[in-house]
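Trainee: turn this into a model:
(chains A and B)
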2 protein chains.
Amino acid sequence: MTIGIVGLGLMGGSLGLALKELPDVAHIVGYDHNPTHRRDALQLGLVDEIGEWEAIRRCDVIYLAIPVEGIIAALKQLTDIDESTTIIDLGSTKARIVQNVPPAIRKNFVAAHPMTGTEKFGPKAALEGLYEGKIVVLCDLEQSGALQAERARRLFEAIGMRVVTMGAREHDRHAAYISHLPHAISYALANAVMAQEDARSILILAAGGFRDMSRLAKSSPVMWEDIFKQNREYLLEAMDRFEEELKTCRKLVEEGEWQKLHEWMAEGQKLHTIFKEN
Amino acid sequence: MTIGIVGLGLMGGSLGLALKELPDVAHIVGYDHNPTHRRDALQLGLVDEIGEWEAIRRCDVIYLAIPVEGIIAALKQLTDIDESTTIIDLGSTKARIVQNVPPAIRKNFVAAHPMTGTEKFGPKAALEGLYEGKIVVLCDLEQSGALQAERARRLFEAIGMRVVTMGAREHDRHAAYISHLPHAISYALANAVMAQEDARSILILAAGGFRDMSRLAKSSPVMWEDIFKQNREYLLEAMDRFEEELKTCRKLVEEGEWQKLHEWMAEGQKLHTIFKEN
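Mentor: Next up is the predicted model:
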């Protein structure tokens, strides 16, 4: 099987590292619009070859590991692929993408979101094992061809992922809570501290808790501006829900309702019993 | 030198593990009002002996690793200690404590806040190396006796900590941003998700980012209710500052001001260049 990977950053690059271990993957062609990324990806052995669009188009499986708008544009370039070709995107939001797949290649297409990553980006951030043991969400899978759905599922499982299926809109709403809202919060926390005159002296005290909470604010603004744009409505809904909770907390602290504050904290703590059960 | 540790949870227990490695520490007496904690601490070897208040009082150095109100109460029990005794508290807020030290033992007392911990609690959560390489803040040190200040500093350095000094009020304001606000945020995020009907299905998608952001919400409500109470004013100030930032973000998303959103994210990202320099 030949694989094409468009976008050789953290996600695409790590995917190259994972796929090249599979016995039935014969050759991996990579493409990135950034010449430095192309060179780095080849030097780091993330792909076997850097190819042009023509080489990508001939691959059996094509992964699109680029931002959402790039995915929509790329799909328009791929309408003349072979009937058996599988295109899998790794975009962080799904509804806008599935709405924009050209009907001619709808069966070729599988919408996927691997729930993994780090705050780093670019080919040098690529990691072995990034996908292993993680969840991948496949969306609106009934609209993909049987061959393509099966192939996508098998490839994700082969690199150690657990497949979950759901509708694209449901995915986007879930992702707003689980990923996009936490990013907004992390950037807001970082900005609240940076706005202090004595930010440096405050940051000297930062231990593990603050570092964890602010880690997501290291993420690429280019990428996250795009994701916030794609998932605007669900993100706003999740932000409103979060703000309500924070206001509840603020009110309890202001009014000295310590018993109620305790109960509110204990309610949040329950989340971790669900984590344990999963 | 003999050491007394009052409170044998995560902080006190880990301190026992660290101190017993020091050549000039001859004996460590522990006390905890919880009988299970006393038994666990002894079985785990966190202290050499469980003693009553009388045994603690005779130690050369007494650590108070209990909540703030407990520290204030304990200090009242310790007014008849020897002139050379050092009492070191590890409370998370400092202004209320230093205001309430009985004048007779003010020189014996050193106010300390080690910037370390985990979300776990109790003697079984005690860890070797919890203090190593971390910051400890000593507050209003000019009010402590020279012998006591020096002894406290030396002991923290001996277990691998870096000492920073500042005023108690300055510490509390800094701690609100770096520790207490992040806890409020983490509980609010956990509650926002738990309030969703499909919380379980949302949580299946949780990857490293969400887990990091919600980890602090595992913390003990008993302990954090107390800390929020102690640092109420600075916490409210920090929460307001954070909410302003979140509102800025919400407005930029709602109005589709993507370039400005990008700049706002990039501003938060700068925090990590300061981390690198520290």
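Trainee: can you give me the helices in chain A?
Mentor: Counting by DSSP state H, chain A has helices at residues A:10-19, A:35-43, A:53-57, A:68-76, A:95-99, A:146-158, A:168-175, A:181-194, A:199-203, A:208-215, A:221-230, A:232-254, A:258-269, A:271-277.
Trainee: pick out the shakiest of these, pLDDT-wise.
Mentor: For the helices of chain A, mean pLDDT drops lowest on helix A:271-277, to a mean of 86.
Trainee: so what's the gap between that helix and the chain middle?
Mentor: Here helix A:271-277 is found 23 Å from its chain centre; the criterion is Cα atoms, centre = their mean, to the nearest Å.
Trainee: now do that helix: which elements does it pack against?
Mentor: Where contact means 3 or more Cβ pairs under 8 Å, 6 or more residues apart in numbering or on different chains; DSSP states H and E, helix A:271-277 is packed against helix B:181-194, helix B:199-203, helix B:208-215. Heads up, the C-betas are built off the backbone N, CA and C, glycines and all.
Trainee: that helix: which residues count as buried?
Mentor: By neighbour count with 16 or more other Cβ atoms under 10 Å in any protein chain shown, helix A:271-277 contains the buried residues A:L271, A:H272, A:I274, A:F275.
Trainee: out of everything not next to it in sequence, what's closest to the second one?
Mentor: Yep, that's A:H272 we're talking about. Leaving aside its sequence neighbours, A:H272 sits nearest to B:K218 (Cβ to Cβ, 6 or more residues apart in numbering or on different chains; 5.0 Å).
Trainee: do you know how far the one you found is from B:D40?
Mentor: Plainly put, B:K218 is 20 Å away from B:D40 if you go by Cβ to Cβ, to the nearest Å.
Trainee: next one: A:A146
Mentor: A:A146 sits 57 Å away from B:D40, going by Cβ to Cβ.
Trainee: these two - which one has more neighbours?
Mentor: Counted by other Cβ atoms under 10 Å in any protein chain shown, A:A146 and B:D40 do not tie: B:D40 has more neighbours, with 19 against 10.
Trainee: correct me, but that one touches B:K124?
Mentor: Yes. Checked against Cβ atoms under 8 Å, the pair B:D40 and B:K124 is within contact range at 6.0 Å.
Trainee: what do the two both touch?
Mentor: Shared contacts of B:D40 and B:K124, defined by Cβ atoms under 8 Å, 6 or more residues apart in numbering or on different chains, are absent.
Trainee: check what pLDDT the residue nearest to A:H272 gets.
Mentor: B:K218 is assigned a predicted lDDT (pLDDT) of 93.
Trainee: residues in contact with it?
Mentor: By Cβ under 8 Å, 6+ apart, the residues touching B:K218 are A:Q269, A:H272, B:E119, B:K120.
Trainee: show me which of the residues you listed are buried.
Mentor: The neighbour-count test (16+ other Cβ under 10 Å) applied to those identifies A:Q269, A:H272, B:E119 as buried.
Trainee: could you dump the residues you listed to a markdown table with distance to B:K229?
Mentor: Shown next, in a markdown table, are those (distance: Cβ to Cβ, whole Å):
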| residue | distance to B:K229 |
| --- | --- |
| A:Q269 | 18 |
| A:H272 | 23 |
| B:E119 | 19 |
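Trainee: which residues does A:L252 contact?
Mentor: A:L252 neighbours (Cβ under 8 Å, 6+ apart): A:W258, A:K260, A:L261, A:W264.
Trainee: related to what we said a few turns ago, what's the closest of the buried residues of helix A:271-277 to A:Y31?
Mentor: Set against A:Y31, the nearest of the buried residues of helix A:271-277 by Cβ to Cβ is A:F275 (38.0 Å).
Trainee: so that closest one touches B:L205, yeah?
Mentor: No. Using Cβ under 8 Å, A:F275 is not in contact with B:L205; the gap is 11.9 Å.
Trainee: ignoring the adjacent residues along the chain, who's closest to the spatially most central residue of chain A?
Mentor: With distances taken as Cα atoms, centre = their mean, A:S92 lies nearest the centre of chain A, 4.3 Å away. The shortest distance from A:S92 to any non-neighbouring residue, by Cβ to Cβ, 6+ apart, is to A:I227 (4.8 Å).
Trainee: can you list the residues of the stretch 1-150 of chain A near chain B?
Mentor: Residues of the stretch 1-150 of chain A lying near chain B by Cβ under 8 Å from any Cβ of the partner chain: A:M115, A:T116, A:G117, A:T118, A:E119, A:K134, A:I135, A:V137.
Trainee: closest one of those to chain B?
Mentor: A:M115 (4.2 Å; Cβ to the nearest Cβ).
Trainee: residues contacting the closest one?
Mentor: Residues near A:M115 by Cβ under 8 Å, 6+ apart: A:K134, A:I135, A:V136, A:V137, A:I178, A:S179, B:L205, B:A206, B:A207.
Trainee: so which of those sits lowest on pLDDT?
Mentor: B:A207 (83).
Trainee: number of nearby residues for it?
Mentor: Neighbouring residues of B:A207 were enumerated by other Cβ under 10 Å; the total is 16.
Trainee: please name the nearest non-neighbouring residue to it.
Mentor: A:M115 (4.2 Å).
Trainee: so how far is A:E52 from the one you found?
Mentor: Computed as Cβ to Cβ, the A:M115 to A:E52 distance reads 32 Å.
Trainee: kindly report the same for A:T86.
Mentor: Distance from A:T86 to A:E52, by Cβ to Cβ: 20 Å.
Trainee: next one: A:V163
Mentor: As for A:V163, its distance to A:E52 is 32 Å (criterion: Cβ to Cβ).
Trainee: again with A:V137
Mentor: 31 Å.
Trainee: sorry, back to before: now, which of the contacts of B:K218 sits nearest A:M213?
Mentor: Distances from A:M213 to the contacts of B:K218, taken by Cβ to Cβ, are shortest for B:E119, at 12.2 Å.
Trainee: isn't that closest one up against B:S219?
Mentor: Yes. Between B:E119 and B:S219 there is a contact at 4.8 Å, judged by Cβ under 8 Å.
Trainee: shared neighbours, the two?
Mentor: None of the residues lies in contact with both B:E119 and B:S219 under the rule Cβ under 8 Å, 6+ apart.
Trainee: just the buried ones among the contacts of B:K218 now: which is nearest B:K20?
Mentor: Nearest to B:K20 among those is B:E119, at 24.9 Å by Cβ to Cβ.
Trainee: what pLDDT is listed against the closest one?
Mentor: For B:E119, the model assigns a pLDDT of 81.
Trainee: quick one: residues contacting it.
Mentor: Counting by Cβ under 8 Å, 6+ apart, B:E119 makes contact with B:R215, B:L216, B:K218, B:S219.
Trainee: now it: how far from B:M265?
Mentor: Relative to B:M265, B:E119 is positioned 27 Å away (Cβ to Cβ).
Trainee: before we move on, what about A:S14?
Mentor: The gap separating A:S14 from B:M265 is 23 Å, by Cβ to Cβ.
Trainee: residues contacting A:V110?
Mentor: A:T86, A:I87, A:I88, A:D89, A:L138, A:L141, A:S144, A:Q148, A:A149, A:A152.
Trainee: grab the nearest non-local neighbour of it.
Mentor: A:A152 (4.0 Å).
Trainee: I'd say that neighbour and A:T86 touch.
Mentor: Yes. At 6.1 Å, A:A152 counts as touching A:T86 under the criterion of Cβ under 8 Å.
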